[in-house]
Each structure stands twice: as C-alpha cells, then as structure tokens.
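Student: Kindly return the folded structure for what I paste below:
(one chain, ligands or ions: 1)
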Amino acid sequence: MLETPAAETPGVVLSSGPQADLFSQIAGNPSLSASLWLNIALAGLSILLFIYMGRNVDDPRAQLIFVATMMVPLVSISSYTGLVSGLTVSMISVPYPGGGSEEVLIMWGRYLTWTLSTPMILLALGLLAGSNLTKIFTAVVTDIGMCITGLAAAMTTSSVLLRWFWYVISCAFFAVVLYILLVEWPADAEMAGTDEIFSTLKLLTVTLWLGYPIFWALGSEGLALLTTTQTSWAYSILDIGAKYFFAYLLLRWVTDHEGVIGDLASGSLGSATPADD
Ligand code: RET
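Tutor: Numbering: from 1, shown residues only. A predicted model of the protein is given here:
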C-alpha cells in the first residue's frame with residue numbers, strides 16, 4: 001500500500017489508486033471542495049427541516065408531494081458525497097470545438113443523480129398542479145431522457161461533433177419538459193385552484209433550470225470559458241435554488257393548504273378536469 005498525501009489527513013485512511021488521486025485533487029482545491037461541502041450541509045439541514053415540517057401531514061396526496069420533495073435533498077446528499085469522495089468524477093480528455101483536447105476533471109455523477117432528483121421535482125409539481133398521469137409520465141420520462149443524454153454528452157470523447165449532438169438531443173428533451181411546465185400545467189393548476197403557488201414555483205424552476213444547459217455550454221464540459229471550479233460553483237448555486245429553496249417553498253405551502261391538495265382529484269392521480277365534463 002502506497003502512502004498518498006491525503007492518507008496523512010487525520011481520520012482518512014486511503015489506499016492509492018485513481019479514486020484516491022481524484023479525492024486528493026478535489027480536497028486540495030479549497031474552493032472546489034467548498035462548492036461540494038456547502039451542498040452536503042444544506043441538503044442535511046433541509047432533510048431535518050422537511051421531516052419536521054411534514055410531521056402532521058395526513059392527506060395521501062399531500063404526503064406523496066412530501067415524499068417526492070424529500071427525495072430531492074436525500075438524492076443530493078448522496079450525489080455530493082459521491083463527488084467529494086472521488087467516486088463519481090473522472091479525468092476525461094475533452095475535445096473542444098476550436099480543435100485540440102484537454103484532460104479535465106468531469107463531475108459526471110451530477111448528471112447521473114439528476115436522473116433521480118429532477119423527476120421527483122416534476123412529480124411534486126405535477127401533483128400540485130392537479131395534472132393527470134399522462135402529463136406527469138411524459139414530463140418524467142423526457143426529463144430522464146434529458147439527464148441521460150446530458151451524461152452521454154459529458155462522457156463522449158471520440159468526437160466533438162457527437163458530443164454536441166448529444167447536447168442538442170438533451171435540449172430537445174428539455175424543450176418537452178419546458179412545454180409541460182409553461183403551457184400544460186399552468187392550465188391544470190388554474191382549474192385545481194393551486195395556480196398562485198404553481199406560478200411562483202414554475203418561474204423559479206424554469207429560470208434556474210435554464211441555467212444548467214447554459215453553464216454546461218460555457219463550462220469545462222463545453223467551450224471551457226469557465227474553469228472546473230467555476231463550473232462546479234455555478235451548478236452548486238443553481239442547485240441551492242432549484243432544490244432546497246424550491247422544496248421549502250413548496251412544502252411550506254402544502255402544510256398550510258393541505259385541504260386544497262386533498263380536494264384535488266384523489267386516488268388515481270386523476271385529471272383536474274371534473275369527470276362529468
Ligand atoms: C444538461 C446538458 C445538456 C443539455 C441540457 C442539460 C440540462 C440540465 C438540467 C438540469 C437540472 C438539474 C436540476 C437538478 C436538481 O437536482 C444536462 C446540463 C438541457 C435542466 C434541477
């Protein structure tokens with residue numbers, strides 16, 4: 001077993017190897033580390049706060065919104081633990097549009113865990129809007145498509161063209177999600193009587209979610225106009241708004257208006273449209 005610099009850190013016992021090297025590289029960059037640890041701390045606090053806020057929620061639909069929303073910080077704490085430990089990051093030779101390529105630290109774990117967290121956000125929003133199963137399913141599967149093809153974009157090293165082709169496919173999936181968020185669900189929420197809170201959360205979600213593809217394009221995965229540390233901070237700050245702040249606003253409203261949620265078509269995630277319409 002070889003000694004590595006990180007092995008001298010108290011409480012950290014490591015073997016050598018690529019994962020230990022990546023761990024040391026992240027631990028040795030205080031700003032990059034802070035962008036990750038800040039989210040671990042906020043996710044932990046959010047989990048405790050949301051458990052406390054949900055202690056008296058009885059309505060099954062309101063409980064489902066709580067479970068889906070609680071999953072967001074739970075997935076996040078796992079995601080960021082994967083990143084700081086070096087488990088879900090890799091050094092990848094990224095080809096750039098101007099020609100040439102560079103070895104960059106890619107945090108591919110982010111795209112993987114978005115596949116689990118973003119559908120939860122959409123499920124919670126769809127339930128809040130009183131939407132039907134078809135629209136919720138469409139939003140969730142296209143969102144998963146967006147995250148997986150985003151992962152493919154980040155991991156493709158063979159061709160710069162194909163890398164950006166994946167990016168375009170991911171954006172096409174994203175366009176479907178945006179359509180549902182901006183057109184379908186606002187109409188449903190109006191019928192369900194949840195339009196006020198829905199429009200606040202929609203604005204927050206659409207604005208922040210648009211930041212992700214923009215920073216992907218500007219960051220080390222895309223055009224490399226930003227460094228890895230700057231890109232990581234951009235995603236971490238977007239995450240704080242899109243996850244913890246979003247979840248707090250939603251859950252606070254749900255606890256205050258449990259009756260409204262309970263009155264929505266109950267049971268089978270039915271449509272907000274009355275059955276005899
Ligand atoms: C990528 C790159 C490819 C094109 C597009 C993207 C969109 C990502 C989005 C991520 C949202 C993440 C959230 C996480 C919270 O847990 C994959 C960056 C369109 C919209 C909200």
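Student: per-residue confidence at the residue in the stretch 51-200 of the chain that the ligand sits nearest to?
Tutor: Relative to the ligand, the nearest point of the stretch 51-200 of the chain is G150 (2.3 Å; CB to the nearest ligand atom). (Glycine included, C-beta is placed from N, CA and C.) pLDDT, G150: 98.
Student: which ones are touching it?
Tutor: When contacts are counted by CB atoms under 8 Å, 6 or more residues apart in numbering, G150 touches Y111, W114, W166, Y167, S170, W216.
Student: Of all the residues in the helix or strand where the last one lies, which ones are buried?
Tutor: Following DSSP states H and E, the helix or strand that holds W216 is helix 195-218. If you call a residue buried by 16 or more other CB atoms under 10 Å, then helix 195-218 has these buried ones: 195, 197-198, 201-202, 204-205, 208-209, 212-213, 215-216, 218.
Student: restrict those to those near the ligand?
Tutor: For the ligand, the contacts drawn from the buried residues of helix 195-218 by CB under 6 Å from any ligand atom are W209, Y212, P213, W216.
Student: hang on, the third one packs against A172?
Tutor: No - with contacts counted by CB atoms under 8 Å, P213 stays clear of A172, the gap being 11.4 Å.
Student: which SS state does M91 fall under?
Tutor: For M91, the assignment made with DSSP: H, G, I helix; E, B strand; the rest coil gives strand.
Student: I misspoke; the intended subject was L223.
Tutor: coil.
Student: So the closest residue to it other than its chain neighbours versus G150, what's the distance?
Tutor: Closest residue to L223 apart from its sequence neighbours, by CB to CB, 6 or more residues apart in numbering: A217 at 6.2 Å. In this view, A217 and G150 are 11 Å apart by CB to CB, to the nearest Å.
Student: Same check on Q63?
Tutor: 31 Å.
Student: now the strands for the protein?
Tutor: All strands of the chain, identified by DSSP state E, fall at 90-95, 101-106.
Student: Could I get those in a markdown table, plus columns for mean neighbour count?
Tutor: Formatted as a markdown table, these follow (neighbours: other CB atoms under 10 Å):
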| stretch | mean neighbour count |
| --- | --- |
| strand 90-95 | 16 |
| strand 101-106 | 15 |
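Student: T69 is nearest to which of those strands?
Tutor: Counting by CB to CB, T69 lies closest to strand 101-106 out of the strands of the chain; the figure is 28.9 Å.
Student: Let's test this: mean pLDDT of that closest one, rounded?
Tutor: Averaging pLDDT along strand 101-106 yields 92.
Student: wait, isn't V57 in contact with Q63?
Tutor: Yes - V57 is within contact range of Q63, at 5.5 Å (criterion: CB under 8 Å).
Student: okay, these two: which has more neighbours?
Tutor: Using other CB atoms under 10 Å as the criterion, V57 and Q63 rank with V57 on top: 18 against 15.
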